[in-house]
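Peer 1: Take this sequence and fold it.
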Amino acid sequence: MPFAAAASPARRAGLPRPLRLALIGWNYGVEGGVFSDWTRATQPLWPILAEHFRPDVVWGTFGNTDAWKIAQGVARAAGSPWVADIKDAWDIFIPAPLRPLLAWRYGDCAGLTGLSAAHLAHTGKHFSQPRQTVFSGFPAALLDHADDSDQPARRITVTGSLYSEAGAEAVAEGVRLWLARAGRQARAKVVFTYAGGDRNRMERAAGRLDGLCRLDIRGFLPLAELVGLQRGAFLNLYARHTGSADSFHHKLLELMAVGRPVACIPEEIPEALALAEAAGGRLSSCADPATLALALDRAWEERDGPPVADRDRLAGFTWDAQAERLEEILMSAQAAAPCGYRLIPVLASVWIAGIILAYLRQFLDMAPAILGVLR
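Peer 2: Residues are numbered from 1 along each chain as shown. I've put the predicted structure just below:
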């Protein structure tokens with residue numbers, strides 16, 4: 001498509017910064033997102049969906065605003081409302097100067113859903129619509145045999161991303177501190193297992209555990225195999241992403257459904273602690289390796305105890321239960337009248353022109369470098 005040549009550089013870091021920023025501003029302000037080539041490719045399908053599928057309501061998930069633009073376009077073609085979903089933190093992905101404009105552009109949504117309350121909080125003051133949390137959930141089958149492990153609880157199982165070398169080292173150091181005081185007999189029984197995409201990072205950090213326990217470092221596993229390992233753990237552990245102060249990890253629900261104690265490092269956010277209590281699981285929120293070692297002490301002492309999962313309460317967080325919740329939200333949005341068309345292309349163009357002018361001097365100063373890139 002003709003616009004693809006202009007849209008693609010906005011998604012790469014190859015251009016000089018002033019030009020790239022101006023291009024990003026243009027794409028967001030005038031086109032509504034930086035994937036406008038993708039959006040335009042879908043436009044012929046909007047009236048077809050509206051005529052033949054006839055949606056009662058349209059749901060668009062934010063990982064980028066172009067998904068919202070498509071949802072908005074289909075909804076307008078069908079004469080139905082649409083709901084904006086927040087899967088990724090809005091204010092991390094959208095530059096601050098662009099947020100008011102984009103919130104205005106997509107302000108005709110009937111409501112917002114989010115992966116967590118923390119995700120919805122990132123929309124800040126820019127949206128006034130009702131906000132509802134819909135958790136990612138887990139398959140109901142996880143609750144069917146939450147206490148049926150065919151192996152003694154002797155594993156420490158770490159699942160998922162570690163996010164950084166520091167995250168891997170904090171996990172390994174907490175386990176090392178506990179093993180160092182656990183005694184030889186306990187150490188002979190324990191298996192430290194990792195499963196996920198940070199296999200190499202975990203292998204490096206787990207070097208300090210060599211000789212203290214058996215190591216079982218793996219990559220991604222099929223769900224059934226992973227759950228089998230987690231059910232044989234006396235503690236299931238995950239690292240919390242610290243890139244944002246209120247990052248939410250949906251893996252918490254999956255781990256609690258397994259029925260074994262759960263710990264995270266560093267400390268979890270209040271929303272996750274409240275969720276663990278509401279779901280009837282047991283979560284140890286560990287500030288540092290020393291605190292993690294204490295959580296391991298407790299979990300080891302209780303390793304042969306009954307499952308800690310409350311199946312009845314956890315059942316409210318399965319995929320099926322959360323899908324029912326989402327359906328209720330979408331049906332309530334259907335009753336809300338659309339707010340009308342709020343795009344103001346003239347104002348958007350003037351605003352973008354201001355951005356371009358603001359960077360023009362820097363752009364001219366860097367003209368030799370730009371010419372070098374273009375050649």
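Peer 1: Going along the chain, name the helices of the stretch 201-350 of the chain.
Peer 2: 223-231, 251-258, 270-279, 289-301, 311-314, 319-334, 345-365 (DSSP state H, counting those that start in this stretch).
Peer 1: Which strands and helices lie in contact with the strand ranked longest in the chain?
Peer 2: Identified as the longest strand of the chain according to DSSP state E is strand 233-239. Applying 3 or more Cβ pairs under 8 Å, 6 or more residues apart in numbering; DSSP states H and E, one finds that strand 233-239 contacts strand 155-159, helix 165-182, helix 251-258, strand 262-265, helix 289-301. In short, each C-beta sits where N, CA and C put it, glycine included.
Peer 1: which intervals of the chain have sub-threshold pLDDT?
Peer 2: 1-15, 145-152, 336-375 (pLDDT under 70).
Peer 1: Could you list which residues are in contact with Glu267?
Peer 2: For Glu267, the contacting residues are 240, 285-287, by Cβ atoms under 8 Å, 6 or more residues apart in numbering.
Peer 1: circling back: same list, the helices and strands packed on strand 233-239, but as a markdown table with mean neighbour count please.
Peer 2: Converted to a markdown table, these look like this (neighbours: other Cβ atoms under 10 Å):
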| stretch | mean neighbour count |
| --- | --- |
| strand 155-159 | 25 |
| helix 165-182 | 20 |
| helix 251-258 | 25 |
| strand 262-265 | 26 |
| helix 289-301 | 19 |
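Peer 1: Identify whichever of the ones you listed lies nearest to Arg131.
Peer 2: Nearest to Arg131, of all those, is helix 251-258, at 19.8 Å by Cβ to Cβ.
Peer 1: what helices or strands is that closest one leaning on?
Peer 2: Going by 3+ Cβ pairs under 8 Å, 6+ apart, helix 251-258 lies up against helix 223-231, strand 233-239, strand 262-265, helix 270-279, helix 311-314.
Peer 1: Tell me which stretches of the stretch 1-150 of the chain form helices.
Peer 2: For the stretch 1-150 of the chain, the helices defined by DSSP H, counting those that start in this stretch cover 4-10, 17-26, 36-42, 45-48, 65-78, 90-93, 99-105, 117-121.
Peer 1: can you put the ones you listed in TSV and add mean neighbour count and distance to Ala274?
Peer 2: Shown next, in TSV, are these (neighbours: other Cβ atoms under 10 Å; distance: least, Cβ to Cβ, whole Å):
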stretch	mean neighbour count	distance to Ala274
helix 4-10	16	39
helix 17-26	19	37
helix 36-42	18	38
helix 45-48	14	40
helix 65-78	22	29
helix 90-93	15	22
helix 99-105	18	28
helix 117-121	20	9
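Peer 1: Save those helices as a markdown table, and put in distance to Arg131 too.
Peer 2: Conversion of the helices of the stretch 1-150 of the chain to a markdown table gives the following (distance: least, Cβ to Cβ, whole Å):
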| stretch | distance to Arg131 |
| --- | --- |
| helix 4-10 | 29 |
| helix 17-26 | 27 |
| helix 36-42 | 25 |
| helix 45-48 | 26 |
| helix 65-78 | 15 |
| helix 90-93 | 12 |
| helix 99-105 | 13 |
| helix 117-121 | 5 |
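Peer 1: Distance of the nearest residue to Gln43 once chain neighbours are set aside relative to Val158?
Peer 2: Spatial nearest neighbour of Gln43, chain neighbours left out: Gly73 (6.8 Å); criterion: Cβ to Cβ, 6 or more residues apart in numbering. Counting by Cβ to Cβ, to the nearest Å, the gap from Gly73 to Val158 is 43 Å.
Peer 1: try Phe93
Peer 2: For Phe93, the distance to Val158 (Cβ to Cβ) stands at 28 Å.
Peer 1: ok, now Ala186?
Peer 2: Here the criterion is Cβ to Cβ. By it, Ala186 lies 18 Å from Val158.
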